[in-house]
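Student: I'd like to go over a predicted model; first the sequence, then the structure.
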Amino acid sequence: QVQLVESGGGLVQAGGSLRLSCAASGRSLSNYDMAWLRQAPGKEREFVAATYWSGLRTSYAESVKGRFTISTDNVKNTVSLQMNSLKAEDTAVYYCAATSGVAGPTARYDYWGQGTQVTVSS
């Protein structure tokens with residue numbers, strides 16, 4: 001079992017930055033592909049970013065490419081999402097997730113965090 005706990009959400013003005021963190025316990029994150037997903041009010045959950053092979057490769061949704069950066073810290077057993085140049089449309093609940101398969105938009109995730117709210121004011 002893996003427990004995931006997100007932190008770092010909050011309210012920020014458009015153009016600002018936030019850094020989300022996801023702390024894992026139970027097992028090492030190096031055993032999993034990790035991803036961040038988000039769900040805005042009235043919308044379906046969508047893929048944001050993923051890291052593979054403990055950070056050796058990453059992928060991003062087109063909507064966040066160049067603005068967001070996903071990273072892992074295998075010593076602290078955490079995965080982070082640095083979000084820059086935030087836009088109002090980035091407002092959502094952000095979730096950290098782990099999969100024993102291949103992370104991506106259509107992946108089946110084995111473990112989820114509880115989510116953290118990010119609100120971007122325009």
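Tutor: Cool, got the structure.
Student: Would you check the distance separating whichever strand or helix holds L81 from the middle of the chain?
Tutor: Assessed by DSSP states H and E, L81 sits inside strand 78-83. With C-alpha atoms, centre = their mean, to the nearest Å as the basis, strand 78-83 stands 6 Å off its chain's centre.
Student: Run through the neighbouring helices and strands of it.
Tutor: strand 18-25, strand 33-39, strand 46-52, strand 68-73 (3 or more C-beta pairs under 8 Å, 6 or more residues apart in numbering; DSSP states H and E). All C-beta atoms are positioned from the backbone trio N, CA, C, and that covers glycine.
Student: most tightly surrounded among the ones you listed?
Tutor: Across the helices and strands packed on strand 78-83, averaging neighbours per residue (mean count of other C-beta atoms under 10 Å) puts strand 33-39 on top, at a mean of 24.
Student: So which elements touch that one?
Tutor: Looks like strand 33-39 contacts strand 18-25, strand 46-52, strand 68-73, strand 78-83, strand 92-99 (3+ C-beta pairs under 8 Å, 6+ apart).
Student: count of residues packed around the closest residue to S85 other than its chain neighbours?
Tutor: The shortest distance from S85 to any non-neighbouring residue, by C-beta to C-beta, 6 or more residues apart in numbering, is to R67 (4.7 Å). Using other C-beta atoms under 10 Å, R67 is surrounded by 15 other residues.
Student: how close does R67 get to L29?
Tutor: 23 Å (C-beta to C-beta, to the nearest Å).
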